[in-house]
Every structure is written in structure tokens, then in C-alpha cells.
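Q: Take a look and give me a structure for this.
(2 chains)
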Amino acid sequence: KAGVTQTPRYLIKTRGQQVTLSCSPISGHRSVSWYQQTPGQGLQFLFEYFSETQRNKGNFPGRFSGRQFSNSRSEMNVSTLELGDSALYLCASSPRTGANVLTFGAGSRLTVL
Amino acid sequence: GIQVEQSPPDLILQEGANSTLRCNFSDSVNNLQWFHQNPWGQLINLFYIPSGTKQNGRLSATTVATERYSLLYISSSQTTDSGVYFCAVEGPGGYNKLIFGAGTRLAVHP
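A: Now for the predicted structure:
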């Protein structure tokens, strides 16, 4: 059974640009959640999607957005990139929303110059 | 919101030693997971353990939900155990919103 797949694994952008990251969950999993990891703030929840609906959102500005498609694949977008957006972005999938095991992908490492 | 505290922040061991990592949380939780983050950044799920005790090889975990803490035991440590261990919890109605502790950085030397 394939795991959670995130693409791209590494990317470099410049300030002001936008970026789109993709996450393919484990087959059959309908919940996808996103996390940001930085040395200063640690691991922080961005948002969670279940059946194409955003169910929960963390404390991030509106520049951070996401969506989920009918096949449960998810994308997150960051617009008008800032230096502080440099981070490891991790995606996790689970069969349902709430109180169950989350399986993480390998992450997308974004560097903003 | 729920606060998660992990201790110790850093741990250095000789190969073969045993260790206990602790996670304290401030409120009732529906979900508690322990993860190991490898050097490439991937979070590997070790245990899903909102309550009770589980064992998997040299690792075991115990969560005492009524006292709001969880322990991760590593026995006969190996160099491959090195990395960062995170405890993460989800509060009621959390919709898979995990709140992570700051982690315990473990270094196992041969």
C-alpha cells in the first residue's frame, strides 16, 4: 500500500512569488491535514480537509490556502511568499476526521530567498 | 488551547542504554501519538495511544489520560534510534488538528 506522497520534495522561490504543494493520501483515506515545521515555531497545524471540505484551520494568514479534490488529493498554496515561509511542509492522511492515526508524508522543503 | 510539554529536551545515550521520554498535556485529549522524525524530516508514527499501554519491539508507551501524561520507553537503544521524538495530541472536536510538543532530541552513540 503506497504511503502519503508529497511533491515537490524541494523547491526554492523568491519573495513575492507563490507556491503550490501537492499531497496524495493513502488510498482510501479521506482526511488530509497540513502542517508547517520551522526551527522557531516547531510543528504547527495549517488546515484539515475531509471530503473536499475544510473542517479546521490553524492560525495562519489568508496567504495560506488549500483545497481537496474528489479523489482526496490535496493541494496547499502560499501566495506572496515571505522569508519566514521557509519551512518543511508536511501532509498527513487518515481514514476519517478525528481521533485516529495520522500518517505523514516525507514533506516538501520550501526555501524562500 | 491545549499545551504539550516534552522532557527532556535533549538526551545523549550510549548504545544499549534505556531511556524514558515524557509528555505532559494540559487538557483531555482524543488522540495522542508518538512520532520519530528521521534526519530527512519524515515523521514516522510510533504509537497511537490516547490511553493504556502498547509495545512494539524495543519501544513501548503508556498514557495515563486521567493524569494527563504519556511516557515513551526505549530499551537497548541503537544508533538508528537517534533523531527527534515528538508527542502530539488532539483535543475534543479537533478534526485531526494535532498539537505537537517541542520534541526530545535523542543522540545514541556507539
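
Q: use CA for all of it now, contacts and neighbours both
A: Noted.

Q: Up against chain A, what does chain B have?
A: B:30-31, B:33, B:40-45, B:48, B:90, B:93-100, B:102 (C-alpha under 8 Å from any C-alpha of the partner chain).

Q: Provide a PyMOL selection command restricted to the buried entries of those.
A: Buried residues within the residues of chain B next to chain A, by 16 or more other C-alpha atoms under 10 Å in any protein chain shown, are selected in PyMOL with:
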select buried, chain B and resi 30+31+33+41+42+43+44+45+48+90+94+95+96+97+98+99+100+102
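
Q: I'd like to know which of the residues of chain B next to chain A are part of strands.
A: B:Asn31, B:Gln33, B:Leu43, B:Ile44, B:Asn45, B:Tyr48, B:Glu90, B:Ile99, B:Phe100 (DSSP state E).

Q: and the residues you listed as CSV, adding pLDDT?
A: Shown next, in CSV, are these (pLDDT from 0 to 100):
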residue, pLDDT
B:Asn31, 89
B:Gln33, 96
B:Leu43, 94
B:Ile44, 94
B:Asn45, 94
B:Tyr48, 94
B:Glu90, 90
B:Ile99, 94
B:Phe100, 96
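
Q: can you list the residues of chain A near chain B?
A: Checking chain A against chain B by C-alpha under 8 Å from any C-alpha, the hits are A:33, A:42-45, A:47-48, A:55-56, A:88, A:97-107.

Q: Please verify my assumption that A:Phe64 contacts A:Val78.
A: Yes: between A:Phe64 and A:Val78 there is a contact under C-alpha atoms under 8 Å: 4.7 Å.
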